[in-house]
Every structure is written in C-alpha cells, then in structure tokens.
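Asker: Provide a 3D model corresponding to the input given below.
(2 chains)
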Protein chains: 2
Amino acid sequence: MKARILLRQLDLPYEAVTVDLFRRETRTPEHLARNPDGRVPVLETGDGTLIPESGAILLHLAEDTPFLPAGGIARTRVHQWMFFEQNRLEGDLAMARFIKLTGRDGKYPEVFEHRLARGLDALATLERGLADGRPFIAGDAYTVADIALYAYAHCGGDAGADLASHEHVVGWIERVEATPRFVNDLAPFPDL
Amino acid sequence: MKARILLRQLDLPYEAVTVDLFRRETRTPEHLARNPDGRVPVLETGDGTLIPESGAILLHLAEDTPFLPAGGIARTRVHQWMFFEQNRLEGDLAMARFIKLTGRDGKYPEVFEHRLARGLDALATLERGLADGRPFIAGDAYTVADIALYAYAHCGGDAGADLASHEHVVGWIERVEATPRFVNDLAPFPDL
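Answerer: Sure thing, here's the model as predicted:
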C-alpha cells in the first residue's frame, strides 16, 4: 500500500501484481530471485530493475520530488523515522496485527503479548514525535516518512491499540489522508 | 558500534557517551528529549543536532563519502539492505541474542523460539543476498549497508545461529573486517 500511495501521488502509471504470501507464493524460487528475503513488495521499474523493501522503494521513487528533501538534516529526519518504522512499528505493531488477524493470538499468546506491548510502545514514540505540534513527522512538509508510518499506524486498532488516546497521531492521520491524491486502499485481510 | 566503526573509518573525532539501557537511562525525560523512541544510539553533531537511529546516523555521516553511492540504483541497494537489517536482522536475530544473553530464554521460551526462528530466516536471506559472489552486500564497494548488517550478523552465534554453515556470510564478514581502519569494538554484554 505504501508504494501504491506514492505512485498515485506522483501520478506514475503502475500495474499491481499480487504475490500471495498466504499461498506461499512469496517463497517460490521465482520470487526469491526477485527478492532474496522472499517477501513483498518488490518494485519492477520500466527497465526491469527489481527493488525490494517498501522503504527503499519509497526513497527511490521520491528522489528529486517534493516527497523527499534534497539533503542535509531534513533528509536525515526522513531516514530516522523510516528506520524507526521498519524496526519498531512494522516490526512489532504490524506483527501483532498479523498474529491477531490470522487468529494465532490464542495459539501463541506469549508471542502476541510481547509483540503488542512493544508495538504499543512504538505508537507512544510516534505520539511523542508529533507532540511538538508539527504537521508531519519530519517537519512542515509531507514526505515518504509519513507514508511509511501511516500504513501500519492507521490500522493499529486491528492489533488492539487504542488510537483515539493518541491525539497527535489522530490529527496527523487526518492530515496525511487529506494530502492531494491520497488513497487508502489497504487490502482487506483474507478470510483464512 | 555501527556509528563508531564508520566514525573511525572516516577519521572523524568523536566522544562516546554511555547511556545504559540496563539502568533505564534510555527512558529518562532527558534521553527521551534526545530520542522520542528512548533508545540508543543518538549522534550529537558539532552544532548540537541530535540524530537517533543507527541507520540514519550512518547515512548522514556517509553522505559525499566513498561509503555511500551518490545516487541511483546503487544507493537504492544500500537502502534496501539497511531497511532489511532494521526489520529482520536487528528486529529478530538481535532480539533473540538479547533475550538469550539476558537469560530470559528460559522465562519466555515461546518468544525466544519465535524471534530465533525468524532471525535464522533473516540470516538465510543474507546468505542468499551474497550468493552471487559479490564482495559486499550492495555490490563491489564496501558501504554503510555492510557496516549495518555486520553488527548483528557477526555475533549471530550468541543467539544460537550456526554462522559457519553460511559460507558466503563467513567470507563477507572476513572482507568487512579487512577494510581499512575497521575495528570491532562490540561492548561486552553486562553480567546481569
């Protein structure tokens, strides 16, 4: 979804191809040749270059656009929050959501609680990061860091987070969703 | 350690200040003002700018140096592996190491097994990523992606990984350690 949001906001044509992790299509030799980590997303550019990792895709597409500062500390702030997202928000809050929505929280309660507790802590960090009243996470401008963080923050309730108690996060989600051409097309979770 | 490796390789003077997570010094109001995520490392530059997240620190210091390609797909490959590192290698293999070295694997066996299984899968990805015989993870040149990945790959044995069975990883570790001015000064794990 992160890549799709930016592709639309950049008005770049693309074709979405589903590689279904629930059918293990992400772990076939064919897909491992696209991404040695055997996961999605992978961006295939017009010349056939394959780019795995949502963060790398966002930074690649955003180069020389208003979605990524040209350099210096402004760009470093974008990197800071994108690494935080991969390590903490995707790493734990999204994993808690995955465990819950696949109905495995009853089978692996200790893992679920561990992931959820850490995911809630990451959400608290995002709230602190926005507490100075800045409109977007890296400053005054909407950037790919906002897209990266939005993806798993806005659906944190699926994991069990109380988003409404994070007032700065709530306001920021509204601002992100109000950016031009923004579309939240989160895929519905499959009925397993 | 990642920041220290690069600072030395760039011949930049620095002062290391310990903020002891085992004494909760990372969660004080003072440290949360440095990093809203309440963790280390944080780089303080000469003008007082504070930069959290090891990946953001590495990219910031490496700009306009041989440790980071100037742009294009070469730089995107560095990003790809640095995001992988934060999400998968640090996220799971380093967490398994932490749980084991703090002696909590007996108390939380389900969490430990979950983190270790995923961490070993991440190590298998790194092996696949190096399997084409390229000398460094992003290509022919040693970059900050190698520094980022080295930190928790080289000590994967602490978590229970069998590094020796990953021949490409073993050869790559040797090449990383042979780069000019490279010093592995991993802090000894505290006796808790």
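
Asker: Can you identify the element that follows the lengthiest helix in chain A toward the C-terminus?
Answerer: In chain A, with assignment by DSSP state H, the single longest helix is helix A:109-130. Using DSSP states H and E, the helix or strand that follows helix A:109-130 in sequence is helix A:144-153.

Asker: Helix or strand next in line after that next one, which one?
Answerer: Per DSSP H and E, the first helix or strand lying C-terminal to helix A:144-153 is helix A:167-177.

Asker: and that following helix, what other elements does it pack with?
Answerer: Here helix A:167-177 is seen to pack against helix A:109-130, helix A:144-153 when contacts are counted using 3 or more Cβ pairs under 8 Å, 6 or more residues apart in numbering or on different chains; DSSP states H and E. In short, each C-beta sits where N, CA and C put it, glycine included.

Asker: can you redo the ones you listed as TSV with distance to A:Thr45, mean neighbour count and mean pLDDT?
Answerer: Formatted as TSV, the helices and strands packed on helix A:167-177 follow (distance: least, Cβ to Cβ, whole Å; neighbours: other Cβ atoms under 10 Å in any protein chain shown; pLDDT from 0 to 100):
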stretch	distance to A:Thr45	mean neighbour count	mean pLDDT
helix A:109-130	31	20	98
helix A:144-153	17	26	98
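
Asker: Dump the longest helix of chain A to CSV, restricted to CA.
Answerer: Extracted C-alpha coordinates of helix A:109-130, given in CSV (Å, rounded to 0.1, in the frame of the first residue of the first chain):
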residue,chain,number,x,y,z
PRO,A,109,-0.4,-15.8,23.5
GLU,A,110,3.1,-15.1,24.8
VAL,A,111,4.4,-14.0,21.4
PHE,A,112,1.3,-11.9,20.7
GLU,A,113,1.5,-10.1,24.1
HIS,A,114,5.3,-9.5,23.5
ARG,A,115,4.7,-8.1,20.0
LEU,A,116,1.7,-6.0,21.1
ALA,A,117,3.4,-4.5,24.2
ARG,A,118,6.3,-3.4,22.0
GLY,A,119,4.0,-2.2,19.3
LEU,A,120,2.1,0.0,21.7
ASP,A,121,5.4,1.4,22.9
ALA,A,122,6.3,2.3,19.3
LEU,A,123,2.9,4.0,18.9
ALA,A,124,3.7,6.0,22.0
THR,A,125,7.0,7.1,20.4
LEU,A,126,5.1,8.3,17.3
GLU,A,127,2.8,10.3,19.6
ARG,A,128,5.9,11.9,21.3
GLY,A,129,7.4,12.5,17.9
LEU,A,130,4.4,14.6,16.9
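
Asker: packing partners for that helix?
Answerer: helix A:72-84, helix A:95-101, helix A:144-153, helix A:167-177, helix B:109-129.
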